[in-house]
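> following is a predicted model, sequence given first.
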Protein chains: 2
Amino acid sequence: MSSKPTMRDVARKSGLSIATVSRVINFPGEVPAETAEIVTAAMRYLNYRPNINGRRLKMSQTRTVGVLVPTLANPVFATSVQGIEQEANIEGLTVLLTSSNYDPEREMGAVSALLNNRVDGLILTLANADNNPVVDLLLAEKIPFVLLFNQPERADIAAISVDNAQSAFDITNAMIAKGHRSLAMVAGQFESSDRSRQRYDGFCRALDQAGIEKKHLVQVRFGETDLVEPLRDLLLGPDAVTGIVCSTDMLAIAAISACRAHGLSVPGDVSVGGIDGISVGGLITPKLCSAVQPTQEMGRQALAFLRGLIKGQTNPQSLLLPHHLSDGDSIGLFRGNSPHRSSTRV
Amino acid sequence: MSSKPTMRDVARKSGLSIATVSRVINFPGEVPAETAEIVTAAMRYLNYRPNINGRRLKMSQTRTVGVLVPTLANPVFATSVQGIEQEANIEGLTVLLTSSNYDPEREMGAVSALLNNRVDGLILTLANADNNPVVDLLLAEKIPFVLLFNQPERADIAAISVDNAQSAFDITNAMIAKGHRSLAMVAGQFESSDRSRQRYDGFCRALDQAGIEKKHLVQVRFGETDLVEPLRDLLLGPDAVTGIVCSTDMLAIAAISACRAHGLSVPGDVSVGGIDGISVGGLITPKLCSAVQPTQEMGRQALAFLRGLIKGQTNPQSLLLPHHLSDGDSIGLFRGNSPHRSSTRV
DNA sequence: TTGAAAGCGTTACCAT
DNA sequence: ATGGTAACGCTTTCAA
C-alpha cells in the first residue's frame, strides 16, 4: 500500500465500519470510549490523516478563508495578515493567500482563484473599493467579505480601516501647527490605492483650512524605494518645502532616505511624517515595531468580523478605528531649526 | 437553483455530456472549436466556476503548497512569502499559509494541518532545523520540502539560506576593523531560532580571532521591541560597549531605539549592525526597503526549488546565497567619534 | 468527437 | 452502537 491510508483502511484495520471511523473523528462523544480507542489505535498504526479535500467536497463549508492584499512586502499588510493567520489558527481555519501587487487588473483573477477554492469568506485590501467589479461579484454571489484598510463609500459593505482622510488631515495640521507653511505630500498612485487619494484629500483640506494655497504632490509607483530624484526639486529647489507628509510609512522611510542623500538631516532641516496602519506619523523605524500590535489586531478583528458574516449573525458594516498621532516623535521642526528630541528619534 | 452550478448543470445546459465539459476545461485543444464555444457559453450563462476541491480529490496532486514561517510581523519573512506567492501565482499554485509564532511546539500542528490539506510540498522556516520531528516526519512521508533561512547540518535536505555564521563573522570583523574592542551581540532566543545561535557562533569566532575575550550576549524574546531596559547596563554601565551586533534587522531597529532613549546617538556614540536576509548590516531603515528585492528572490527561488523536488527532477540540496556587507552604511564608528557619512544614514 | 461510468475520501441519512 | 450507502464535483478510461 504505497498510497496514503484512507478511512476505509482504518475501518478495515479496526474491524469496524467507515461510518464509525467518521464518527470517532467528528463526534467522539457519540461513540463508546472503547470503540474510539480501537479506532484511534488503528489510525495511529496506519499514520492516518484525514483528507480534508474529501470533507470539503462533501460539506457545504470549507472552513477556509481567502486573503488578498496588495503585497506582503509592505509590513503593514504583512502584519495584518499575521493577525488574520493567528485568529484563523485559533478557530481552526485555513488561510489561502494571494496578492495583487497593487495591480487592479489582477484582483479579479486572484479572487476568482479564491472562489474556485470555495472559500467561506474573504478579507481583501483592494486598490479601489468603489465601483470595483470584484465587490460587485462578491455581492452578487453573496460571498461574505470584509475590506481591510479600504474605506468604501457604500455603507452596506463590511470594512475595517482607520479614517484615511482624517489621519492625513490630523498629521498635516500638526505639521502646520509646528509652523510649516510649505508642505508636500508623497503618495502612491491613486489608481493603485484609494487610501492614497483619501489621504491626499485630508492633506488638501488641512492646507485649505490654513489658507495655504501651494500644494505639492509627488506620486510614486508602488514598490519604488528610491526617491532621491523624485524629491530633488522639492528638497533643493528655489521654493523647497520644509515638511513632507507621506501617504505610507514605507514612503516615509524612502523619503527620509532621500533627504539624507541630499544632505538634509531629518528632522531638523526638513520634517517627514508617515501615515499608516492605525497610527499616524510616529517614529519611523520604531514605529514599524510599535505599529505591529495594533495592525495585527486589525487583521484579527477582520477575521472575527468575517466569521460573524459567515455565520449570518452579523450584518456588513463599516468599522473605523481610531488613529494615533504621536506628536513630538513624528512631527519635525522648521527647516534649519533642530532642537528636536534626538534621544527618542532614529 | 440556489446552490452553485456544477459541471452537470453546464452539461445539461449545453446539451453535451459532463465528460465533454471537462475536456473543454482541461484540454481545449482536443475539442472542436464549435463545441467548445457552446460549452463556454453555457458556463458563462450559468456563472459556472469549477470546484477545485472536486478536482483535488480526484487527482493525485493538489497544486497547492504549504508555507510555514515564524511570523509575518517580521518583514524578512513577510517579504520572502511575497516572493513565494508571486512565483506561485505565475505557476498557478495555491498557497496555504501558517505561522508558528516562533514556538517550536506549534510547528508540528501547523505542518500537520498543511499535510491534511494534501499539499504537494512545503516551504518552512523552522525554529531549529536539526533534530526536528517535523523534518523527520516529512522525510518519512516523503513529502517534498524546502527550508528557508534554516541551515541544517544534514546535507540531504533542501535549504535556501545565507551563511548565518559567516554573515555574523563578517559584520563583527568589520566592526573590529573600525576599532571596536568592546562588542555585544543582541540575539533572539536560541530555542526559537537556530539562525540566532549560528550568528552568535560567527560573532564569537570573530572576537576569538581578534583576541577579544569579553563577549557580551543579550538574548531577547521574539516579539520584544523594547530594549531600553535590557540594554541599559550594556550602554551605560562602567564597561559599556562601543558596538552592538544584532542578530536581526528588527532587533537592530529596537537596539537603535534603545540607544537613543539612553541619550546615545547612533552611529557616533555607539554602533549597531543588523544581520538578516541576504544582507548584513546595512542602513537600518532603507535596508528594510532595499532588502526587499533579494529576500523576495529567496522566496521565489525556494518555490522554484520546491517545484523541482515535486516533479522529482531535482534532489534535495543546500543552497547558500551570498550575503552583502554594506560597509560605511552599516558599521558605526568609535564611541564619541562621529565623522560618519550622515548623508546616507537614517 | 462524444458519452457512460467508475471512482477519489469524506459525511450523514437511514437501517439494523 | 454500528453499518450500508448515496451523494459531493470532478477526472479519466473505455466504448461507441
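Structure's in. What do you need? Numbering: from 1, shown residues only, chains lettered A, B, ... in the order given.

> what does chain A put close to DNA strand D?
Contact residues, chain A versus DNA strand D (CB under 7 Å from any atom of the strand): A:15-20, A:23, A:30-32, A:35, A:54, A:57-58. Where C-beta positions appear, they are placed from N, C-alpha and C, glycine not excepted.

> which segments of chain A make up each domain?
Per the record, chain A has its domains at A:7-50, A:64-163+A:295-322, A:164-293+A:327-344, by automatic domain parsing.

> of all the ones you listed, which lies closest to B:L46?
domain A:64-163+A:295-322 (12.4 Å; CB to CB).

> quick check: A:A261 touching A:R232?
No: using CB atoms under 8 Å, A:A261 is not in contact with A:R232; the gap is 9.4 Å.

> so which of those two has more stuff around it?
Between A:A261 and A:R232, counted using other CB atoms under 10 Å in any protein chain shown, the more crowded position is A:A261 (19 against 14).

> out of the residues of chain A next to DNA strand D, which end up buried?
For the residues of chain A next to DNA strand D, a burial check counting by 16 or more other CB atoms under 10 Å in any protein chain shown picks out A:L16, A:T20, A:R23, A:V31, A:L57.

> A helix includes the second one, no?
By that I understand A:T20. Yes: according to DSSP: H, G, I helix; E, B strand; the rest coil, A:T20 belongs to a helix.

> who's in contact with it?
Listed by CB atoms under 8 Å, 6 or more residues apart in numbering or on different chains, the contact set of A:T20 reads A:A11, A:V31, A:T35, A:V39.

> show me those residues that map onto helices.
A:A11, A:T35, A:V39 (DSSP state H).

> any idea how far the closest residue to A:T40 other than its chain neighbours lies from A:D9?
With sequence-adjacent residues excluded and distances taken as CB to CB, 6 or more residues apart in numbering or on different chains, A:T40 is closest to A:V24, at 6.9 Å. Separation of A:V24 from A:D9 (CB to CB, to the nearest Å): 14 Å.

> pick out whichever of those two has more residues nearby.
Per other CB under 10 Å, whichever of A:V24 and A:D9 has more neighbours is A:V24, with 23 against 19.

> quick one, what contacts that one?
A:V24 neighbours (CB under 8 Å, 6+ apart): A:V31, A:T35, A:A36, A:V39, A:T40.

> which one of these is nearest chain B?
A:T40 (15.5 Å; CB to the nearest CB).

> number of residues surrounding the closest one?
A:T40, neighbours per other CB under 10 Å, totals 17.

> list the contacts for the residue lying closest to A:N101 once chain neighbours are set aside?
Distance criterion CB to CB, 6+ apart; nearest residue to A:N101, sequence neighbours excluded, is A:T71 at 5.7 Å. A:T71 sits next to A:F77, A:S99, A:S100, A:N101, A:Y102, A:F222, A:G223, B:Q82 when contact means CB under 8 Å, 6+ apart.

> do that again at 10 Å, thanks
A:77-78, A:99-103, A:125, A:222-223, B:78-79, B:82, B:85-86, B:292, B:296 (CB atoms under 10 Å, 6 or more residues apart in numbering or on different chains).

> I'd like to know how far it sits from DNA strand C.
Look at A:T71 and DNA strand C: by CB to the nearest atom of the strand, to the nearest Å, they are 35 Å apart.

> what segments of chain A are helices?
A:7-14, A:18-26, A:33-46, A:52-58, A:75-91, A:104-116, A:133-140, A:164-177, A:194-209, A:232-236, A:249-261, A:284-290, A:292-311.

> ok, of the ones you listed, where does mean pLDDT dip lowest?
Ranked by mean pLDDT, the helices of chain A bottom out at helix A:284-290, which scores a mean of 44.

> hang on, the earlier thing: for the residues of chain A next to DNA strand D, work out which two are farthest apart.
A:P32 and A:L57 (29.4 Å).

> A:T79 reaches B:P75, doesn't it?
Yes: counting by CB atoms under 10 Å, A:T79 touches B:P75, with 9.0 Å between them.
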